[in-house]
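>>> Okay, predicted coordinates and the sequence, questions at the end:
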Amino acid sequence: MANVELDQLLAAYPPVDKAAVEARWKEVQPSFTHKIIVLDDDPTGVQTVHDVSVYTDWTEETIEKGFLEEGQIFFILTNSRAFTRKETEAEHRAIAERVERISQKYKRPYMIISRGDSTLRGHYPLETEVMRATIEEHSNTKVDGEILLPFFKEGGRLTVENIHYVQDGNVLIPAGETEFAKDRTFGYRASDLAEWIEEKTSGAFTAKEVTSISLEQLRALEIEAITEKLMEVSDYGKVVVNALEEDDVRVFSIALMNALNKGKRFLFRTAATFTKVIGNISSRPLLEREELIDPASTNGGLIIVGSHVQKTTDQLEALKELTMLHFIEFDCHLVRDKTAFSAEVERVKQEAEAQVTDGKTTVIYTKRERLDLGKGMEEEELKLSVQISDAVTSIVAGFAVRPAYLIAKGGITSSDVGTKGLRVKKAVVAGQVAPGIPVWKTGAESTFPFIPYVIFPGNVGNVTTLKEVVSLLEGI
């Protein structure tokens, strides 16, 4: 499948009629009152929103708190991309059962969004399939279908004619031909989302059965026709949504709200843009240093780099150009030697504490080569990666000095640092410090209350973005 020039693709479609979209949105959105629960398989799903709650557990009490919030949308950080299949299945069964029970208690309809990686990695179709079965078991309704919408412009993820692309400069690369498709745990071949569904479901849903919402329909504002398409979906049929701009997602969402208000029921596997649009969350300017850093702090910041995708490694190399920072390589390959690994963790922690206390921002990064145990050992590798992540988060949890700020690079890394290192139970998303890079303000219960915690996805930004974010926070 060939690469595509972004400029040529954008020129191939008529522009969005923004005024008409806004008018239709104002007609429909006030009638849409479903509670929106976003299950985030790592913390990067809040990369488009602000002033929303993120909970880090899914007890019945926590889910009920989310339902009772004034806001329409709340997030639950599941971190399921770091889980085994068995753990993921148990987690999503419990969540779906509790959500359905609380919905019935308060007689409020809801929608569950499984927010997954915009480069198509994660436990799909397992998570949504488990929830579908659980919801149908505990309610008197059937789930009519599943919506797939991985568009995320800030990260350069665009879907055109069902082909999902990853942007690199002005070039769009079919997702199945990127490094993300070669993921050892969640790899795939197809770039056409209909074919990807067939691949991932092992043929249970074929490509020709998938309903497609085209850019032509969206740009022509064929809202009634799209609504009718959704009304015809049944038997948990799959729907792929194409999008080049956020307004394409808004047009689709208008039709979707119409269908939901008429009683249709869907599950969703989407990237971050859909959560912002359906939650009716406004855009806001990027966060400034003055909004994040306490001027009274004399300590350095702390940066944890765990992701092993090539983009992260390139960004780390660019970050090393900031010579005022202190860098520590954590030899995570020692994980198979318990004594040596424990000593390595303690060495890294003590060195980092000394540097941060001295006012020097410190970067702890895991050894860049992946731990490769060989073919067929993916589950064992995942378990070792969890042990490595636990070690990194133990450094944060036991850190003897409060950093001026904290950055975690990588989805699983940032989840574990937030939940196990910072011990966050509930955070508020302050906004984004760069496109697609969210900031939490931690709760009073956390290891470092109200610290700015920057969640930096492994697959977002260009080669200099990490360096630019750190430069902003350092005031240079």
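It's in. Numbers count the residues shown, from 1 in each chain.
>>> quick check: longest strand of this structure.
With secondary structure taken from DSSP state E, the chain has its longest strand at strand 426-434.
>>> Could you pull up the mean pLDDT of that one?
What strand 426-434 shows for mean pLDDT is 95.
>>> What pairs with it, parallel or antiparallel?
Strand 426-434 has the following strand partners under DSSP bridges: strand 53-55 (antiparallel), strand 437-441 (antiparallel).
>>> pLDDT of the shortest one, averaged?
Mean pLDDT, taken over the full extent of strand 53-55, equals 95.
>>> what separates the residue at the greatest distance from the centre of the chain from Val345, distance-wise?
Relative to the centre of the chain, the most outlying C-alpha is that of Thr339, 34.8 Å out, by Cα atoms, centre = their mean. Computed as Cβ to Cβ, to the nearest Å, the Thr339 to Val345 distance reads 11 Å. Where C-beta positions appear, they are placed from N, C-alpha and C, glycine not excepted.
>>> Could you do Asp247 as well?
Asp247 is 48 Å from Val345, where distance means Cβ to Cβ.
>>> try Thr464
31 Å.
>>> Between those two, point out the one with more neighbours.
Shown here are Thr464 and Val345; by other Cβ atoms under 10 Å, Val345 has more neighbours (22 against 14).
>>> residues contacting Asp372?
Applying Cβ atoms under 8 Å, 6 or more residues apart in numbering, we find Asp372 in contact with Glu381.
>>> Distance check, it against Phe327.
Going from Asp372 to Phe327 by Cβ to Cβ gives 24 Å.
>>> for stretch 454-468, how far is the first residue from the last?
End-to-end distance for stretch 454-468: 13 Å, by Cα to Cα, to the nearest Å.
>>> Show me which residues of it are buried.
Residues Val454, Ile455, Phe456, Pro457, Gly458, Asn459, Val460, Gly461, Thr465, Leu466, Lys467, Glu468 are the ones in stretch 454-468 that count as buried (16 or more other Cβ atoms under 10 Å).
>>> Would you confirm that Gly136 belongs to a strand?
Heads up, residue 136 is Glu, not Gly. No. Applying DSSP: H, G, I helix; E, B strand; the rest coil, one finds Glu136 to be helix, outside a strand.
>>> does it really touch Lys142, like I thought?
Yes. With contact defined as Cβ atoms under 8 Å, Glu136 reaches Lys142; the gap is 5.9 Å.
>>> Comparing these two, which shows the higher neighbour count?
Between Glu136 and Lys142, Glu136 has the larger neighbour count (other Cβ under 10 Å), namely 16 against 13.
>>> just the strands in the stretch 101-250 of the chain please.
Taking DSSP state E, counting those that start in this stretch, the strands of the stretch 101-250 of the chain run over residues 110-115, 145-149, 157-160, 163-168, 171-174, 211-213, 237-241.
>>> quick one: low-confidence parts of this structure?
Where the chain drops to pLDDT under 70, the residues are 371, 373-374, 377.
>>> rerun that using 80 as the cut-off
307-309, 369-383, 385, 412, 459 (pLDDT under 80).
>>> and the host helix or strand of Val345, C-alpha only, in CSV?
Counting by DSSP states H and E, the element that carries Val345 is helix 338-357. C-alpha atoms of helix 338-357 as CSV (Å, rounded to 0.1, in the frame of the first residue of the first chain):
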residue,chain,number,x,y,z
LYS,A,338,16.8,-10.2,41.4
THR,A,339,19.8,-9.1,43.5
ALA,A,340,21.5,-7.1,40.8
PHE,A,341,18.2,-5.6,39.7
SER,A,342,17.4,-4.4,43.3
ALA,A,343,20.8,-2.8,43.6
GLU,A,344,20.4,-1.1,40.2
VAL,A,345,17.0,0.4,41.3
GLU,A,346,18.6,1.8,44.5
ARG,A,347,21.6,3.2,42.6
VAL,A,348,19.3,5.1,40.2
LYS,A,349,17.0,6.4,43.0
GLN,A,350,19.9,7.7,45.1
GLU,A,351,21.6,9.4,42.2
ALA,A,352,18.4,11.0,41.0
GLU,A,353,17.4,12.3,44.5
ALA,A,354,20.8,13.9,44.9
GLN,A,355,20.6,15.7,41.6
VAL,A,356,17.0,16.9,41.9
THR,A,357,17.7,18.2,45.4
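>>> What are the contacting residues of that helix?
Helix 338-357 is contacted from outside by 299-302, 326, 328, 330-331, 334-335, 362, 364, 391, 394-395, 398-401, 403, using Cβ under 8 Å, 6+ apart.
>>> Can you pull the phi/psi pair for the residue nearest the centre of the chain?
The geometric centre of the chain, computed from its C-alpha atoms, lies nearest to Gly45 (Cα atoms, centre = their mean), at 2.9 Å. Main-chain dihedrals, Gly45, degrees, to the nearest 10: phi -70, psi -10.
>>> Run through the residues that contact it.
Gly45 neighbours (Cβ under 8 Å, 6+ apart): Val38, Phe75, Arg115, Ala271, Ala272, Thr275.
>>> Please tell me how far the first one sits from Gly45.
When distance is defined by Cβ to Cβ, Val38 is 6 Å away from Gly45.
>>> Quick check: neighbours shared by these two?
Contact criterion Cβ under 8 Å, 6+ apart; residues shared by Val38 and Gly45: Phe75, Arg115, Thr275.
>>> Closest to Ser103 out of these?
Among the shared contacts of Val38 and Gly45, Phe75 lies closest to Ser103 (Cβ to Cβ), at 17.2 Å.
>>> what secondary structure does that closest one sit in?
Assigned by three-state DSSP, the conformation of Phe75 is strand.
>>> Am I right that it is in contact with Asp40?
Yes. At 5.4 Å, Phe75 counts as touching Asp40 under the criterion of Cβ under 8 Å.
>>> circling back to that earlier point, so for the helix holding Val345, what gets flagged as buried?
The neighbour-count check on helix 338-357 (16+ other Cβ under 10 Å) flags Phe341, Glu344, Val345, Val348, Lys349, Ala352, Glu353, Gln355, Val356, Thr357 as buried.
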